[in-house]
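[1] have a look; sequence and predicted model below, questions after that.
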Amino acid sequence: MTGAEFRRKLALGTAQFGLAYGINNTQGRPADETVAAVLAAAQAAGLPLLDTAAAYGDSEARLGQWLPQHPGTFEVVTKVAAAAPAVVRAAVQASLARLQLPRVYGVLFHDFNALQLQPAAWQGLQDSRAAGLTGRIGVSLYHPWQAQWLLDRRGWDFDLVQLPYNVLDQRFGPLLPELAARGVEVHVRSAFLQGLLLRPLATLPAYFEPLRPRLERLRAVAAQAGVPLEAALLLFAATAPGVARVVVGVDTAANLQANVAAEQHLPAFGALRPALAELAEMAEELLLPYRWPKNI
């Protein structure tokens, strides 16, 4: 993988634009000037894609203030709730209106469980794609069994999923090649596990103490290879077989530039990957942020 190929694999997550998001976030929702600076930095770095959602506060609307002034700069993936087909299509159209775009690259259902309860909602995404409102359709996932359920579902021509993947959370690893072989584009999130993997171990909340040995090993392996921790985590996600995009959320343009700088460590990373692959954790109460205690 070249540096240019790595940058093309990065997608800018924009939950931070509309919400105070992430375990390490102490600044809250960013100012308009910060959002504009982050988007300009992503444009300059050649990132191809923005990831947003109707549920991310006013993220779509804030993007809609910037995108018309920079036409053709980014593709966009957004997310909507499962509902009756006509409601789903109306939700897609509402997202497009907020984004001030005629179409988006992809639309995902935000909640797999809601879709499973009302599978007729799938027709709403199919109708949206047929109408040219989106190029790809799919679902945001949390568990490998959900991906398998989709793969086994007849007549569901999904071609996009988003799922968590990082050095601790490798649960989807065995399914990535199969998804890619079926023509499903895989976007992964949580390369830093909402910032937990970058948090200084001296401030590690007690809830995550079971992870300390793995986190210490992670730091030691990266340091021994001369690869910064942030770069090691990003490259682990970006070089996973079957991964098309890695969604990264940032608070500032400097954060984004630090992410992009990981490309400098591509030559050294190959020898590092096997050791990182040994750090997999299976306890979902530690891997899935929605299962974490509220105040940690």
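    Done, it's in. Numbers count the residues shown, from 1 in each chain.
[2] ok, now which ones touch T252?
    By C-beta atoms under 8 Å, 6 or more residues apart in numbering, the contact set of T252 is P30, T34, A37, V38. In this view, the C-beta of every residue, glycine as well, is placed from N, C-alpha and C.
[3] and the strands in this structure, which stretches?
    For the chain, applying DSSP state E gives strands covering 10-13, 49-51, 75-80, 104-109, 134-140, 160-164, 185-189, 245-249.
[4] other SSEs contacting the fifth one?
    This means strand 134-140. For strand 134-140, the packing partners by 3 or more C-beta pairs under 8 Å, 6 or more residues apart in numbering; DSSP states H and E come out as strand 104-109, helix 112-117, helix 122-130, helix 144-152, strand 160-164.
[5] in CSV: those, plus mean pLDDT, distance to G64 and mean neighbour count.
    Below are the helices and strands packed on strand 134-140 laid out as CSV (pLDDT from 0 to 100; distance: least, C-beta to C-beta, whole Å; neighbours: other C-beta atoms under 10 Å):
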stretch, mean pLDDT, distance to G64, mean neighbour count
strand 104-109, 98, 12, 24
helix 112-117, 96, 25, 16
helix 122-130, 98, 18, 20
helix 144-152, 96, 30, 16
strand 160-164, 98, 21, 25
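[6] so for T203, which of the strands of the chain sits nearest?
    strand 245-249 (19.9 Å; C-beta to C-beta).
[7] what residues sit buried inside the closest one?
    R245, V246, V247, V248, G249 (16 or more other C-beta atoms under 10 Å).
[8] how close does the most far-flung residue of the chain relative to its centre get to A268?
    With distances taken as C-alpha atoms, centre = their mean, the residue sitting farthest from the centre of the chain turns out to be Q224, at 28.2 Å. Separation of Q224 from A268 (C-beta to C-beta, to the nearest Å) stands at 11 Å.
[9] cool, V161 as well?
    V161 is 30 Å from A268, by C-beta to C-beta.
[10] likewise for E230?
    14 Å.
[11] neighbour-wise, which of the two wins?
    Using other C-beta atoms under 10 Å, the more surrounded residue of E230 and A268 is E230, with 20 against 15.
[12] which residues touch the more buried one?
    F192, L198, A258, N259, A262.
[13] which stretches of this protein have low pLDDT?
    Counting by pLDDT under 70, the chain contains low-confidence ranges at 20-27.
[14] how many neighbours does I296 have?
    11.
[15] check A81 too.
    Neighbours of A81 using other C-beta under 10 Å come to 16.
[16] how near is it to G249?
    21 Å.
[17] then L197?
    To G249, L197 is 13 Å away according to C-beta to C-beta.
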